[in-house]
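S.K.: Make a model of this:
(one chain, ligands or ions: 2)
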Amino acid sequence: DLVKDEDLSILSDLGAGNGGTVTKVYNKKRNCVMARKLILVDAKPSVRKQILRELQIMNDCNSPYIVGYYGCFPVDVHVGIVLELMDAGSLNDIYRHTGPIPIEVVGKVAEAVLHGLMYLYDVHRIIHRDIKPSNILANTKGEIKICDFGVSGELINSIANTFVGTSTYMSPERIQGAPYTIKSDVWSLGISLIELALGRFPFTDSQGNEEEEESEGEEEYDEDPTLPLSTQRPKISAPGESKKEKRKSKGVSLAGGGHTMSILDLLQHIVNEPAPRLVSKKKTFPSEATTFVEDCLYKDPNQRKSPQELLASDWISKSKVTQDDLKTWALSTITKD
Ligand code: ADP
Ligand code: MG
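M.R.: Ligands and ions are numbered 1, 2, ... in the order given. Presented below is the predicted three-dimensional model:
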């Protein structure tokens, strides 16, 4: 009794990313709304079939921290996947719309992601591989869940073939070619948490030197108004383009406008420079939060803490935020316009 494409009628767009497009759909048979993701898969029929077979593992993934799965099917050149609709959207959508996420809520995001990662690994031996704010979803019941984990090796391959796999949430050891472990997901979580708490991607020229943030209005989130929100990638300033240096070199060289770091520069930066930290001149974060993020971002994966250790940390175990609080927060993000 898995959902079929003919049961669904299209309601509206939810977003588009590297791998596909996501649509809000109505399921006539079950009289409810769902999310349908279409992934372009440029592969022969045999590979396509293999992908659909591998995706069936998602049927057995049942956890309050994993976005629900209802079925998959071929749709011309795409693979369609039907998922639980998360009506508050992704944490990426939310912070770009509302600004920095309150730090107590960020703590609950961390907790949900860690539970989700542990479930996937302990029960199914699955490593997520793509933890980032757009793969962490919230709903107005106050639930936070993860999606888009690497269940299908063939799907990972065929998406990688279209060269969209390079992620800026990638850990230093992954960049250097080490295999994925659950510790690489912990790194990606650490980067994501800083992004949510600061309201901007952490690898920028103002890393550890936030004079820029002070003059900034609450409205600046590295957005390009010409792009739909969901297709925006974080903007990276090139090395040597810090504000100080820009000021120094004023009138000397003003070539180009965007000064975005190339993907190779960024990867090199992640490997060679100290990890970003949860600090801001604008606000003080609780030391438990700062320590937690530090424990996620040891560049040496052996020093980096495991999901179990992180769940036992003070920031998570002493949180007083309830699901009711999260519900109130989630509702406030969709009504705020
Ligand atoms: P990415 O994760 O790189 O943004 P995706 O194609 O996975 O690309 O998703 C695109 C967008 O669709 C997400 O950023 C999110 O806003 C939205 N989305 C994905 N899945 C769901 C879902 N189950 N419920 C609601 N929105 C979703
Ligand atoms: Mg996604």
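S.K.: all helices of this structure, in order?
M.R.: For the chain, helices defined by DSSP state H occupy the ranges 45-55, 91-98, 103-124, 153-160, 172-175, 182-198, 211-215, 243-248, 263-272, 287-296, 307-311, 314-317, 323-335.
S.K.: which one of those is the most hemmed in?
M.R.: When the helices of the chain are scored by mean count of other CB atoms under 10 Å, the highest mean neighbour count falls to helix 182-198 (a mean of 25). For glycine as for every other residue, the C-beta is placed from the backbone atoms N, C-alpha and C.
S.K.: close to ligand 1, is it?
M.R.: No: with CB under 6 Å from any ligand atom as the criterion, ligand 1 is not reached by helix 182-198; the gap is at least 11.8 Å.
S.K.: Dump stretch 84-104 to PDB, keeping only the CA atoms.
M.R.: C-alpha atoms of stretch 84-104 as PDB (Å, rounded to 0.1, in the frame of the first residue of the first chain):
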ATOM      1  CA  GLU A  84       5.900  13.300   5.000                       C
ATOM      2  CA  LEU A  85       5.100  17.000   4.500                       C
ATOM      3  CA  MET A  86       7.000  19.100   7.000                       C
ATOM      4  CA  ASP A  87       4.800  22.200   7.100                       C
ATOM      5  CA  ALA A  88       7.400  24.600   8.600                       C
ATOM      6  CA  GLY A  89       9.900  23.800   5.900                       C
ATOM      7  CA  SER A  90      13.700  23.300   6.300                       C
ATOM      8  CA  LEU A  91      15.800  25.100   8.900                       C
ATOM      9  CA  ASN A  92      17.500  26.700   6.000                       C
ATOM     10  CA  ASP A  93      14.200  28.200   4.700                       C
ATOM     11  CA  ILE A  94      13.300  29.300   8.300                       C
ATOM     12  CA  TYR A  95      16.500  31.100   9.200                       C
ATOM     13  CA  ARG A  96      16.700  32.900   5.800                       C
ATOM     14  CA  HIS A  97      13.200  34.100   6.400                       C
ATOM     15  CA  THR A  98      13.300  34.900  10.100                       C
ATOM     16  CA  GLY A  99      17.000  35.500  10.800                       C
ATOM     17  CA  PRO A 100      19.100  33.700  13.400                       C
ATOM     18  CA  ILE A 101      17.400  30.800  15.200                       C
ATOM     19  CA  PRO A 102      17.100  31.300  19.000                       C
ATOM     20  CA  ILE A 103      19.900  29.300  20.600                       C
ATOM     21  CA  GLU A 104      17.600  27.200  22.800                       C
END
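S.K.: okay, now the residue nearest to E84 when sequence neighbours are not counted: neighbour count?
M.R.: Spatially, and ignoring its direct neighbours in sequence, E84 is nearest to G68 (3.3 Å; CB to CB, 6 or more residues apart in numbering). Neighbours of G68 under the rule other CB atoms under 10 Å: 18.
S.K.: next one: the one 10 residues further on
M.R.: The criterion is other CB under 10 Å. On that basis, H78 has 16 neighbouring residues.
S.K.: contacting residues for it?
M.R.: Contacts of H78 were listed using CB atoms under 8 Å, 6 or more residues apart in numbering, and they are 20, 38-41.
S.K.: Which one of those is nearest to ligand 1?
M.R.: Ranked by distance to ligand 1 (CB to the nearest ligand atom), the contacts of H78 are led by G20 at 4.4 Å.
S.K.: What is the burial count for the closest one?
M.R.: As a burial measure, the neighbour count of G20 was computed by other CB under 10 Å and equals 20.
S.K.: quick one: contacts for the nearest residue to it once chain neighbours are set aside?
M.R.: Taking CB to CB, 6+ apart as the measure, G20 lies nearest to I39, with 4.0 Å between them; neighbours along the chain are not counted. Contact partners of I39, counting by CB under 8 Å, 6+ apart, are 19-20, 78-81, 155, 159.
S.K.: Same list (those) but as TSV, adding distance to ligand 2.
M.R.: Formatted as TSV, the entries for the contacts of I39 read as follows, by distance: CB to the ion, whole Å:
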residue	distance to ligand 2
G19	7
G20	8
H78	15
V79	14
G80	15
I81	11
L155	13
I159	11
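S.K.: got those as a markdown table, with distance to K183 columns?
M.R.: Formatted as a markdown table, the contacts of I39 follow (distance: CB to CB, whole Å):
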| residue | distance to K183 |
| --- | --- |
| G19 | 24 |
| G20 | 28 |
| H78 | 33 |
| V79 | 29 |
| G80 | 33 |
| I81 | 27 |
| L155 | 23 |
| I159 | 23 |
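S.K.: what's the most distant pair in these?
M.R.: Checked with CB to CB, the contacts of I39 reach their widest spread between G80 and I159, with 14.8 Å between them.
S.K.: about what we covered before: closest one to R30 among the helices of the chain?
M.R.: helix 45-55 (19.7 Å).
S.K.: Need the residues that contact the closest one.
M.R.: Contacts made with helix 45-55 from outside it, assessed by CB under 8 Å, 6+ apart, are listed as 41, 43, 72-74, 79, 81, 151-155, 158.
S.K.: How about stretch 109-118?
M.R.: 63-66, 91, 101, 128, 131, 136, 143-146, 182, 185-186, 189, 192-193, 196, 292, 307-308, 310-311, 315-316, 319.
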